[in-house]
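[1] need a 3D model of the following:
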Amino acid sequence: MRVAGPGFQDSIDSDLDFKSISIQIWRFVSGGGLFLVEVCCWWIQLEMDRSWLVADRRSSEYKFGVEDFLKFALRNARDPKQINCLCMLCGNDDSYSVRVVKDHLFVNGIDPSYVIWSEHGEATLVSDSDSDHGMDTDSDESVQGNMEIEMNSDIELDFGKDQEPPDECNEFQWLVEEVSRPLYPGCKSHTKFNALLRLQNLKAKHHMSDVTYSDWVELIGDFLPEGNEIPDTYSDAKKSLLSKLGMDYEKIHACPNDCILYRGKQAEAVVCPTCGASWWKVEKNKKIIEDVPAKVLWYFPPIPRFKKMFQSSEISKSLTWHATDRKKDGLMRHPVDAASWKLVDEKWPSFGVDPRNLRLALSTDGFNPFSGQNSKYSCWPVILVIYNLPPWLIMKRKHMMLTLLISGPKQPGNNIDVYLQPLIDDLKRLWEGRVEKEVPKYKFGRKNGPPAYKGAEDESRPCWKKKSIFFELEYWKFLPVRHCLDVMHIEKNVFESLIGTLLNIPGKTKDGVKTRLNLVEMGIRLGLKPNLEGSKKERLPLASWNLTLAEKKSMCGSFFGMKVLEDYSSNISSLVSMDDLKLSNYKSHDCHTIMQQLLGIAIRGVLEKPVRIAVIRLCIFFNDICNKTIDVSRLPKIQNDIAETLCELEKYFPPSFFTIMVHLTLHLVREVELCGPVCYRWVYPFERYMKVCKGYVRNRARPEGCMAENYIVEEAVEFLAELLLEDKTAGILYARDTMDRPASGVHVVSVYDNLFDQAHLCVLQNTYEFRSYFDEHLEFLKQEFPRFRKDQKWLTDKQNKTFADWVKRKVADQMSE
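    Got it, this is the predicted structure:
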């Protein structure tokens, strides 16, 4: 997607000492001309927590502190290959690589008095006389003015008599005032803005309810001196934080039958011109409730949110990662390596030449916001993701942009284009171009069927029942893949068909009397003809895909005994029923794990060898296409392998096994080649995001309103926390500290004395590097005690007792030489 217009001309330089906000302001100059000034407002970076400087070097606190320091130093280094070493021995006099500096900090320690990292890019507060930067107002070109802002400084922006300052300028002035306002009279260490931001961040991270938050801030206000700026309720706090940030949404009323949106030409309509339904809500007794709309679309405009992204130095740098920092070794790691990305660059060279131009992907799905309490309600969020970002950020919650929220209780179905109109209009504004030609419209549907085909005379007639609204975008018709297949659901459905057929699970198996009768009707595998007069167990002859009772027990026993690492998958044994010999209650990720890693192990001792090999080849195929790094040269071979695998499965499985989901596996390799790795297109991250939206619901009567309000609050907290805080936010997940942590179910035992010596000896005996030392020590014992040189038991006992001390002295002597 091309980004054009104010706020997107220049990204922020990421190698700056201060956090910055970029705001573009239209101003009149003395000559009467209008030009654009981009004001970079420099916020003094808040002091980071540096208590780790005096922490134990073996602690996690010290480790994480060193990691944060090295990231900071590398980000601000002039030469990324080496930075100044601040250990106790080097004292910032010598420069080494980051790896060497890290080793020095753990071995030699760090100077605790070095609290201002001036040698590593951290700037100090500059006086007024040093911070003035002149702005050339006589130029007709767009210029950039840089200025540094201190606490309690007064900044005024001058505009002409007949011109009002734009909203972005008002936002800038508001931020300056709020950041400098103390938390209470006389407070010099905290501001109202900083306190509210940290509180809102905690609320978003820990899913705190509005009532709990209100009670919390009221309690904190009671603890602070009189005249403090802490608001009394959550509503007041939200208004204080979000009133000027532009993080807002639009409520657009819609026809309850999904015909139109009451916007544009229909903004003043009272009833739907298509179906005649009332704008307002109608109760069961047909009473109209005015001022209560029948249906609402919640629209979150993406353009202001794109501007906020480019106002962040870190995000603006990440948005060009695909052009500056990615590896170019022929492997596919990112959508930029796919054919579709390259096609757009070739089709529109002016668009592809600027790496800041955004490439967007859209996903939507329905979910029940009431956690299963009302299965009939369906709410549909429309989510945008930005492919410009690095692989580790694309699918993170922070960068998944909610643009539309279609209220329930019914799903929009084919009428979803009605609700996509505002988003499409904004996307057309961002793209410099026009739709070349309109395709003729036909009234297709149940009542108006398509006109009869007239052969060669009617070749230009479209063969679809509906023209998608996305064709209004100029580039849409040129994309080789307009709608991606969801690998997650394909893999899940294939797994259910496969495991249900192998274990003969009722309701999931593709085998049965009808299947066998179909084989007879087709004239194939006549030996599998069902015996309708026999007992239930003898009705179906044993086929190549059937497991015997012993084989079912063996396969289910394998699953039941499997133990995997923490966070690898759910507890596999809990999915297995040894009484019924079946798998149940599994989630999509369980199907993913079992299909790719565990099924091939479980079927090793069952099935005939050709059948087993065909199933394992299917598992390997899903494992290959789901890799995060793909060798493009292997894609033709993977395509041939899946075609051969399906042919092999046709030999041994019934025709009913080959549903549309099994057929779609043939098209997955083509999508990988055109669109990039699967992990940036499947539904796992979007379903996790819907779970987040479901957690926003506090009022069952207004679920969409709860989601909208909580979303904009979290969005504002993410934006401001990155600029003004060093806190962890809810949008980017941080890896948990799993060091020195045993696997689940392990009982930790502390060993001492003889037991410790035995464990130490066991480790040494199983270490390859010490084998030569054991032989040398044995020869030493034979020379030292010649009476026992032939007594093997005595020599072994003596070596076990003395080897650890002997090798310690031996190695120390070798190192001193």
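[2] look up the pLDDT of Pro451 for me, please.
    Here the pLDDT value assigned to Pro451 is 52.
[3] now swap in Arg482 and tell me
    Here the pLDDT value assigned to Arg482 is 90.
[4] what does Cys169 give?
    Predicted confidence (pLDDT) for Cys169: 54.
[5] so who does Lys582 touch?
    Contact analysis of Lys582 by CB atoms under 8 Å, 6 or more residues apart in numbering lists 503, 505, 556, 576. C-beta coordinates here come from the backbone N, C-alpha and C atoms, glycine included.
[6] next, count neighbours for the last one.
    A count of neighbours around Val576, defined by other CB atoms under 10 Å, yields 23.
[7] try the first one
    The criterion is other CB under 10 Å. On that basis, Leu503 has 19 neighbouring residues.
[8] residues contacting it?
    Neighbours of Leu503 in contact, by CB under 8 Å, 6+ apart: 509, 547, 552, 555-556, 581-583.
[9] give me the subset of the residues you listed lying in strands.
    In strands, defined here by DSSP state E, the members of the contacts of Leu503 are 582-583.
[10] reformat the contacts of Leu503 as CSV; add pLDDT and distance to Leu358.
    Listed next are these as CSV, based on pLDDT from 0 to 100; distance: CB to CB, whole Å:
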residue, pLDDT, distance to Leu358
Thr509, 92, 47
Leu547, 92, 52
Lys552, 93, 53
Met555, 93, 49
Cys556, 93, 49
Leu581, 92, 52
Lys582, 92, 47
Leu583, 92, 43
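[11] ok, residues contacting the helix or strand encompassing Ala361?
    If you go by DSSP states H and E, Ala361 is part of strand 360-364. Residues from elsewhere that reach strand 360-364 (CB under 8 Å, 6+ apart): 1, 380-387, 404, 416, 427, 680-681, 683, 686.
[12] that one: how far from the chain's middle?
    Relative to the mean C-alpha coordinate of its chain, strand 360-364 is positioned 13 Å out (CA atoms, centre = their mean, to the nearest Å).
[13] go on, stretch 501-513?
    Centre-to-centre, stretch 501-513 and its host chain are 36 Å apart (CA atoms, centre = their mean).
[14] do stretch 467-487 as well
    With CA atoms, centre = their mean, you get 23 Å for stretch 467-487.
[15] got it, and stretch 55-68?
    Centre-to-centre, stretch 55-68 and its host chain are 27 Å apart (CA atoms, centre = their mean).
[16] buried set for that stretch?
    Buried residues in stretch 55-68, counting neighbours by 16 or more other CB atoms under 10 Å, are found at 55, 62-63, 65-66.
[17] now swap in stretch 792-811 and tell me
    Buried, per 16+ other CB under 10 Å, within stretch 792-811: 795, 798-799, 803, 806-807.
[18] the residues you listed in helices, which ones?
    795, 798-799, 803, 806-807 (DSSP state H).
[19] need the max-distance pair from the residues you listed.
    Leu795 and Val807 (16.1 Å; CB to CB).
[20] count of neighbours near Leu528?
    Number of residues near Leu528 (other CB under 10 Å) recorded here: 18.
[21] pretty sure it sits against Asn518.
    No. Applying CB atoms under 8 Å as the test, Leu528 and Asn518 come out as separate, 10.5 Å apart.
[22] in CSV: the contacts of Leu503, plus distance to Asn84.
    Formatted as CSV, the contacts of Leu503 follow (distance: CB to CB, whole Å):
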residue, distance to Asn84
Thr509, 67
Leu547, 66
Lys552, 66
Met555, 60
Cys556, 61
Leu581, 66
Lys582, 63
Leu583, 58
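[23] hmm, Asp426 is touching Pro302, no?
    Yes. Asp426 lies in contact with Pro302 (CB under 8 Å); the separation is 5.9 Å.
[24] the more surrounded of those two?
    When Asp426 and Pro302 are compared for neighbours, Pro302 comes out ahead with 22 against 17, by other CB under 10 Å.
[25] could you measure Val717 against Ala204, distance?
    5 Å (CB to CB, to the nearest Å).
[26] of those two, who's got more company?
    Higher neighbour count among Val717 and Ala204: Val717, with 28 against 23, using other CB under 10 Å.
[27] then the more buried one would be within a strand, right?
    No. Val717 is assigned helix when assessed by DSSP: H, G, I helix; E, B strand; the rest coil, not a strand.
[28] still on that earlier bit, what's the closest of the ones in helices among the buried residues of stretch 792-811 to Ser214?
    Nearest to Ser214, judged by CB to CB, of those is Val807 at 65.9 Å.
[29] pLDDT below threshold where in the stretch 251-400 of the chain?
    Residue ranges of the stretch 251-400 of the chain with pLDDT under 70: 371-375.
[30] strands of that one, start to end?
    Here the stretch 251-400 of the chain has its strands, by DSSP state E, counting those that start in this stretch, at 280-282, 288-293, 295-299, 331-332, 360-364, 380-386.
[31] ok, residues contacting the shortest one?
    What it means is strand 331-332. If you take CB under 8 Å, 6+ apart as the criterion, strand 331-332 is touched by 337-338, 629-632, 672, 676-677.
[32] now the strands for the stretch 51-200 of the chain?
    Listed in chain order, the strands of the stretch 51-200 of the chain (DSSP E, counting those that start in this stretch) span 83-84, 95-96, 143-148.
[33] hey, least reliable of these by pLDDT?
    Note on the strands of the stretch 51-200 of the chain: lowest mean pLDDT is at strand 143-148, with a mean of 32.
[34] which of the buried residues of stretch 792-811 lies closest to Phe770?
    Val807 (6.9 Å).
[35] ok, that closest one - contacts?
    764, 770, 773, 777 are the contacts of Val807 under CB under 8 Å, 6+ apart.
[36] can you tell me which of these has the most neighbours?
    Within these, His777 tops the neighbour count with 19 neighbours, counted by other CB under 10 Å.
[37] which stretches of the chain have low pLDDT?
    In the predicted model, the chain carries pLDDT under 70 at residues 1-50, 78, 115, 118, 121-179, 239-247, 371-375, 432-464, 722-748.
[38] tell me the angle of the strand or helix carrying Thr665 relative to strand 360-364?
    Secondary structure assignment for Thr665, by DSSP H and E: helix 660-675. Angle, helix 660-675 to strand 360-364, by axes from the mean of the first three to the mean of the last three CA atoms, to 10 degrees: 160 degrees.
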